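Asker: Sequence and computational prediction follow.
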Amino acid sequence: MSKRDYYEVLGVAKGADDKDIKKAYKRLAMKYHPDRTQGDKAMEEKFKEVQEAYEVLSDEQKRAAYDRFGHAGVDPNRGGAHGGGGNADFGDIFGDVFGDIFGGGGRRGQSRAQRGSDLRYNLELTLEEAVKGKSVDIKVPTMVACDSCDGSGAKKGTSAKTCTTCNGAGQVTMRQGFFAVQQTCPTCNGRGKIIPEPCTKCHGEGRIEKTKTLAVKIPAGVDTGDRIRLTGEGEAGMHGAPAGDLYVQVSVKAHPIFQRDGNNLYCEVPMSFATAALGGEIDVPTLDGRVKLKIPAETQTDKMFRLRGKGVQSVRGGGVGDLVCKVVIETPVKLSERQKDLLRQLDDSMTGESEAMHRPKSKGFFDGVKKFFDDLTG
């Protein structure tokens, strides 16, 4: 399938200046960037197309070749100077253009220090720990800066030297007639420096494997899915490059009594038949201890009671949630003959003409059942 015109892709005129091209790219890259489109393949292809067009039109030599020869002038498969950027790193291109917005600043054509990888640590907490917060020590196996060479990769007493092949640029330019191709320097692999005498402990990498212990403060109110970022506690970069970050991913274990939903807690409380019928008080558990809950007479099973302010204070702020208790009337078991006889007497006393008064739900239900069958047979 033939490629679209690069000027058409960016939506700019052929005579557009560098400022207009960069502005158009910013707008489109923001729209189609994979971080925003969340795995939409069509949008990712759009981003690649926009990226490819910008890679060519933002470079004076590539743009001149494209204006003169079209896609053939910049397609290496057709003998041109440079491909359209399909294999470029999204992060690098995004950083070049948007660095001035976020304070990074692009460094096209210069060597880059490779930042260390981010790490993830899964931390499991009890509900009590998550609600109240705590400090925990975690052990993280990672790459840290070599203590022998202070992360430089060079043997103690020596230092890295500027690469003589690329003169510190990290890239070399190969020219063939009108066309020029920039490539990563084969001598220093893009670093711009070489290490004549590598450190014997880290073998010139500037980092070594180590398990480090970190104290992590868990704020009160965290929940499953929350994560805590520890800046600079990820893997150390090679040759003294900045370290990545460590993300502590929180998971809260299931609780035997409470269930959490946002700021609220839910629990089921068993209650005797007599308390439900006559009313009274029952003990209800909370995360701060037991409290008394007043039960009105004639309470039915599954009735919900709300205890204000006995829930959770979210880590994101706002008011404290509630504790919602569902009472469940417990059927007595292992009755003695006398107890069974008493229940039969009670049951007999609530039948007949007074049944509708004592059992309104049962009376209404069976009346409905009777009407249902009458309608079927009528």
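Answerer: Done, it's in. Residues are numbered from 1 along each chain as shown.

Asker: quick one: buried residues of stretch 121-131?
Answerer: 121, 123, 125, 127, 129, 130, 131 (16 or more other CB atoms under 10 Å). (Glycine included, C-beta is placed from N, CA and C.)

Asker: Just give the closest residue to the fifth one, not the sequence neighbours.
Answerer: Just to be clear, that refers to residue 129. Nearest non-adjacent residue to residue 129, counting by CB to CB, 6 or more residues apart in numbering: residue 218, 7.0 Å away.

Asker: do the same with residue 73
Answerer: residue 65 (3.7 Å).

Asker: what does residue 155 give?
Answerer: residue 197 (4.1 Å).

Asker: who touches that neighbour in this structure?
Answerer: Residue 197 is in contact with 154, 155, 158, counting by CB atoms under 8 Å, 6 or more residues apart in numbering.

Asker: got a markdown table for the buried residues of stretch 121-131, with pLDDT and secondary structure too?
Answerer: Converted to a markdown table, the buried residues of stretch 121-131 look like this (pLDDT from 0 to 100; DSSP: H, G, I helix; E, B strand; the rest coil):
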| residue | pLDDT | secondary structure |
| --- | --- | --- |
| 121 | 94 | strand |
| 123 | 95 | strand |
| 125 | 95 | strand |
| 127 | 95 | helix |
| 129 | 95 | helix |
| 130 | 94 | helix |
| 131 | 94 | helix |
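
Asker: moving C-terminal of the helix or strand hosting residue 42, what's the next helix or strand?
Answerer: Using DSSP states H and E, residue 42 sits within helix 41-57. The first helix or strand that comes after helix 41-57 along the chain, using DSSP H and E, is helix 60-69.

Asker: what's that next one packed up against?
Answerer: helix 41-57 (3 or more CB pairs under 8 Å, 6 or more residues apart in numbering; DSSP states H and E).

Asker: Can I get the helix it packs on in CSV? Just the C-alpha atoms.
Answerer: In CSV, the C-alpha atoms belonging to helix 41-57 read as follows (Å, rounded to 0.1, in the frame of the first residue of the first chain):
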residue,chain,number,x,y,z
LYS,A,41,-4.1,-0.6,17.1
ALA,A,42,-5.6,1.7,14.6
MET,A,43,-4.5,4.7,16.7
GLU,A,44,-1.1,3.3,17.2
GLU,A,45,-0.6,3.0,13.4
LYS,A,46,-1.8,6.6,13.1
PHE,A,47,0.9,7.6,15.6
LYS,A,48,3.6,5.7,13.7
GLU,A,49,2.5,7.5,10.5
VAL,A,50,2.7,10.9,12.2
GLN,A,51,6.0,10.0,13.8
GLU,A,52,7.4,8.9,10.5
ALA,A,53,6.3,12.1,8.7
TYR,A,54,7.8,14.3,11.5
GLU,A,55,11.1,12.4,11.5
VAL,A,56,11.6,13.3,7.8
LEU,A,57,10.1,16.8,7.7
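
Asker: Now do the buried residues in that helix.
Answerer: 43, 46-57.

Asker: ranges for the helices of this structure?
Answerer: 6-10, 18-32, 34-37, 41-57, 60-69, 90-102, 127-132, 273-278, 337-349, 355-358, 360-377 (DSSP state H).

Asker: what's the closest of these to residue 173?
Answerer: Checking these against residue 173 by CB to CB gives helix 60-69 as the closest, at 9.6 Å.

Asker: average pLDDT across that closest one?
Answerer: For helix 60-69, mean pLDDT rounds to 82.

Asker: how big is the angle separating that helix from helix 18-32?
Answerer: Counting by axes from the mean of the first three to the mean of the last three CA atoms, to 10 degrees, helix 60-69 lies at 90 degrees to helix 18-32.

Asker: Provide a list of residue ranges in the stretch 251-378 of the chain with pLDDT below threshold.
Answerer: 353-356, 359-360, 362-375, 378 (pLDDT under 70).

Asker: ok, the closest residue to residue 327 other than its chain neighbours - contacts?
Answerer: By the measure of CB to CB, 6+ apart, the closest residue to residue 327 outside its immediate chain neighbours is residue 271, 4.7 Å from it. Each residue near residue 271 by CB under 8 Å, 6+ apart is listed here: 282, 295, 299, 327, 328, 329, 330.
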